[in-house]
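>>> Predicted model and sequence below, questions to follow.
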Amino acid sequence: MAEKTGFKYSILSSGSSGNVTYIETAERKILVDAGLSGKKIEGLMNEIGRSLHDVDSLLVTHEHKDHVAGLGVLARKYKMNVFANADTWTAIGESCGKIDVTQKHVFDMGKMLTFGDIDVESFGVSHDAAAPQFYKFMKDGKSFVMLTDTGYVSDRVRGTIENADAYLMESNHDVEILRMGSYPWRLKQRILSDKGHLSNEDGARSALSVIGKQTKKILLGHRSQENNLKELAHMTMENTLLQHDIDTKNVVKVLDTSHIEASPLYNI
């Protein structure tokens, strides 16, 4: 059972091949994105001892396949209410198959919606999608922020997400590995652009700019399997925090996520 105060979350999958996050309160069970097959998402939920049958809402960040691959299947099989902004719904179109109109809801960018006992605020990011937005979850004075799939973090976003208890922060690529890798030059340019993804260094600097006295965890998200190394992403974040006298053993813990294995169900 969920705690009476705060809430729980698990990063079921985070990476270039698929993204799914689970949020749980006493009253609500929420997914953010469904970037894997329905079968894989079912398996990841089982890893943390939870069932998709209990999920009532699915929030979408943007229309890229690694965020919506299983959206239609989950919506149809489990009758979830699905939330996205209007431009994202237009961009999704029929790519996820038919979703009943009664299950489709608009979550405007820059707005806050209440789901039972938890408030969720959306905020826009800089990515090459129709209208990409991520989410800040708030309950009982505690908050969890998801921030991946952005080329940079604006002052406006920083003001929205500062001093959260925990962050899922993008550490997508190492710049040198990406530059020397096998990707076509145009794709490399896209990833490195202001509408691409945060590098390890960019993610670390962004985390440093928003963490506060409440912050206890930074989870490293959306790590590329081709253009990064888990150890390198982790070291970059930890070293950046340590250089600014932030204790990464006792105060702000840096945690890895996986594209194939669910994280523990963390309390916040």
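Looks like it came in fine. Residues are numbered from 1 along each chain as shown.
>>> now residue 89, nearest residue through space, not along the chain?
Leaving out its chain neighbours, the residue that sits closest to residue 89 by CB to CB, 6 or more residues apart in numbering is residue 104, at 6.7 Å. C-beta: built from backbone N, CA, C; applies to glycine.
>>> and if you look at residue 230?
Spatial nearest neighbour of residue 230, chain neighbours left out: residue 256 (5.6 Å); criterion: CB to CB, 6+ apart.
>>> which phi and psi does the one you found have?
Note on residue 256: its backbone torsions stand at phi -90, psi 150 [degrees, to the nearest 10].
>>> Dig out what it forms beta bridges with.
Here residue 256 sits in beta bridges with residue 220, going by DSSP bridges.
>>> residues near it, how many?
For residue 256, the neighbour count with other CB atoms under 10 Å is 18.
>>> just the strands in the protein please.
Applying DSSP state E to the chain gives strands spanning 8-13, 20-24, 29-32, 57-59, 81-84, 104-106, 112-115, 118-124, 133-139, 142-147, 166-170, 217-221, 253-256, 266-267.
>>> neighbours of residue 190, just the number please.
Other residues near residue 190 come to 15 when the count uses other CB under 10 Å.
>>> Now do the same contact list for it.
Going by CB atoms under 8 Å, 6 or more residues apart in numbering, residue 190 touches 128, 196.
>>> ok, it to residue 218 distance?
Residue 190 is 26 Å from residue 218, where distance means CB to CB, to the nearest Å.
>>> quick one on the thing from earlier: please report how far the residue nearest to residue 89 lies from residue 86.
In terms of CB to CB, residue 104 sits 10 Å off from residue 86.
>>> Only the buried residues of stretch 203-216, if you could.
By 16 or more other CB atoms under 10 Å, the buried positions in stretch 203-216 come out as 203, 204, 205, 206, 207, 208, 210, 211, 215, 216.
>>> In space, what's closest to the fourth one - neighbours in sequence excluded?
Of all residues not flanking residue 206 in the chain, residue 153 sits nearest, at 4.4 Å (CB to CB, 6+ apart).
>>> In contact with that neighbour, which residues are there?
Counted by CB under 8 Å, 6+ apart, residue 153 has contacts 147, 198, 202, 206, 209, 210.
>>> Closest one of these to residue 67?
Closest to residue 67 out of the contacts of residue 153 is residue 147 (13.8 Å), distances taken as CB to CB.
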